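>>> Okay, structure incoming, though there's no sequence with it:
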């Protein structure tokens, strides 16, 4: 089984590759995401390459092997299941669960995760709307739209958030924007693409273009 640190690297590489499909993941991007030195990243990449978990060529970036991708998805699966558990069963708010799930995702018990999935009723998404990989590594890719791409008079239901930082999630709570919220775009400002929206057919509010680029609707 991979170590705590190795799982974090595999997960980070997977997410970076998903964000920029078709490109190799650079050492500097990994160092930035994991907040460590590029030299430390190079040492770890070499080790993961020797274990057959990624393809690594110095100065040319990295890509996961089939086994590396499987282990990355397993870590993501555990993380997102624990987030569901923390919110639904222990009463955590969605802005409180990430750091706790970061610790719990490294528990090495396949039976525990299988039982957890069953206990939760086989959820398909986590509290932030991200899809939960299946036990065999399949990842559903929802065809959602960014709120920023909607035009006046378009409507949608908030189904996921791109930015999961506590400060952003707390902002959404104060604005009354949770998963399942019905949103109608009333107007889009030409100057800065900020939006005037109606929430659940009741309250009107203004949100910035930055906020709208971090909300997915269906």
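Received the coordinates, thanks. Being a predicted model, the structure only gives us computed values, none of them experimental.

>>> Relative to residue 185, how far out is the residue most central in space within the chain?
By CA atoms, centre = their mean, the chain has its centre lying nearest to residue 130, at 5.7 Å. Distance check for residue 130 against residue 185: by CB to CB, to the nearest Å, it reads 24 Å. Backbone N, C-alpha and C define where each C-beta goes, glycine included.

>>> Could you do residue 23 as well?
32 Å.

>>> Over to residue 123?
29 Å.

>>> of those two, who's got more company?
residue 185 (21 against 16; other CB atoms under 10 Å).

>>> Contact partners for that one?
Contacts for residue 185 were tallied using CB atoms under 8 Å, 6 or more residues apart in numbering; they are 147, 150-155, 195-197.

>>> Can you flag the buried ones in the residues you listed?
147, 150, 195, 197 (16 or more other CB atoms under 10 Å).

>>> Which of the helices or strands spans the closest residue to the last one other than its chain neighbours?
The spatial neighbour of residue 197 that comes closest, neighbours along the chain excluded (CB to CB, 6 or more residues apart in numbering), is residue 183 at 5.3 Å. Assessed by DSSP states H and E, residue 183 sits inside strand 182-188.

>>> ok, that strand: who's next to it in the sheet?
Under the criterion DSSP bridges, strand 182-188 sits next to strand 155-161 (antiparallel), strand 195-199 (antiparallel) in its sheet.

>>> Could you pull out the buried residues of that strand?
So, applying 16+ other CB under 10 Å, buried residues of strand 182-188: 183-185, 188.

>>> what sits against the nearest residue to residue 176 once chain neighbours are set aside?
Leaving out its chain neighbours, the residue that sits closest to residue 176 by CB to CB, 6+ apart is residue 199, at 5.5 Å. If you count contacts by CB under 8 Å, 6+ apart, residue 199 has them with 175-177, 181-183, 205.
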